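Peer 1: Kindly return the folded structure for what I paste below:
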Amino acid sequence: MAVRIRLLRMGKIRNPQYRIVIADSRTKRDGKAIEYVGIYQPKEDPSVIEVKSDRVQHWLSVGAQPSESVIAILSKTGDWQKFKGLPAPPPLLMAAPKADRKATYEAAAQAAAGLEPAKAAPAKKAAKAEKPAAVEPVAEAKAEEQTVAAGDEQQS
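Peer 2: Predicted coordinates for the structure are as follows:
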């Protein structure tokens, strides 16, 4: 049985999404697969490529033949170079983390209401910070007395 590693098309019209599959070479493009070993989404920015490296290495070692497009994908992930014994490629680009939608909404709502989010919170902290400020001069005076006393003992 001739086994191929190839792409199985998923998704909608003009929004292709692929699964990287292990399949018999005689089956249809979107037919039954032996195993699913990864995904490829070319329309994302940057493209999403996820591959189960250990399973791909297994299938390559037992003689599965990758298609040209799969060779290009495996070259980007480094699995093809690992199989051929070549140096590893540079790391893949990763998508930037998405902003927290709730925090963005709250900031926009406060800005629309005329409130500044930075001024509302420090007002409460400033009130709490004033109470320990009165204690600090006494604590500083005691610390100075202790250092002066310790300095006198060292001189004697």
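Peer 1: Determine the number of other residues adjacent to Tyr18.
Peer 2: 20 (other Cβ atoms under 10 Å). (C-beta placed from N, C-alpha, C; glycine too.)
Peer 1: Just to be sure, it is in a helix?
Peer 2: No. Assessed by DSSP: H, G, I helix; E, B strand; the rest coil, Tyr18 does not belong to a helix; its assignment is strand.
Peer 1: Could I get the full set of helices for the chain?
Peer 2: Counting by DSSP state H, the chain has helices at residues 53-61, 68-77, 79-84, 101-113, 117-155.
Peer 1: so who does Trp80 touch?
Peer 2: Applying Cβ atoms under 8 Å, 6 or more residues apart in numbering to Trp80 gives the contacts 66, 71, 74, 86.
Peer 1: Most neighbours out of those residues, which is it?
Peer 2: Leu74 (25 neighbours).
Peer 1: How about Ala23: which residues does it bridge to?
Peer 2: Arg4 (DSSP bridges).
Peer 1: ok, it - how many residues close by?
Peer 2: Ala23 has 22 nearby residues by other Cβ under 10 Å.
Peer 1: Tabulate the contacts of Trp80 in JSON lines, adding columns for pLDDT and distance to Ile22.
Peer 2: Putting the contacts of Trp80 into JSON lines (pLDDT from 0 to 100; distance: Cβ to Cβ, whole Å) gives the following:
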{"residue": "Pro66", "pLDDT": "92", "distance to Ile22": "10"}
{"residue": "Ile71", "pLDDT": "92", "distance to Ile22": "15"}
{"residue": "Leu74", "pLDDT": "91", "distance to Ile22": "13"}
{"residue": "Leu86", "pLDDT": "83", "distance to Ile22": "23"}
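Peer 1: could you measure Ser25 against Arg55, distance?
Peer 2: Using Cβ to Cβ, to the nearest Å, Ser25 is found at 18 Å from Arg55.
Peer 1: between those two, which one's more packed in?
Peer 2: Arg55 (17 against 12).
Peer 1: residues contacting that one?
Peer 2: 22, 35, 37.
Peer 1: rewinding a little: would CSV of the contacts of Trp80 with distance to Arg9 be doable?
Peer 2: Output for the contacts of Trp80, formatted as CSV (distance: Cβ to Cβ, whole Å):
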residue, distance to Arg9
Pro66, 16
Ile71, 18
Leu74, 18
Leu86, 29
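Peer 1: Much appreciated, bye for now.
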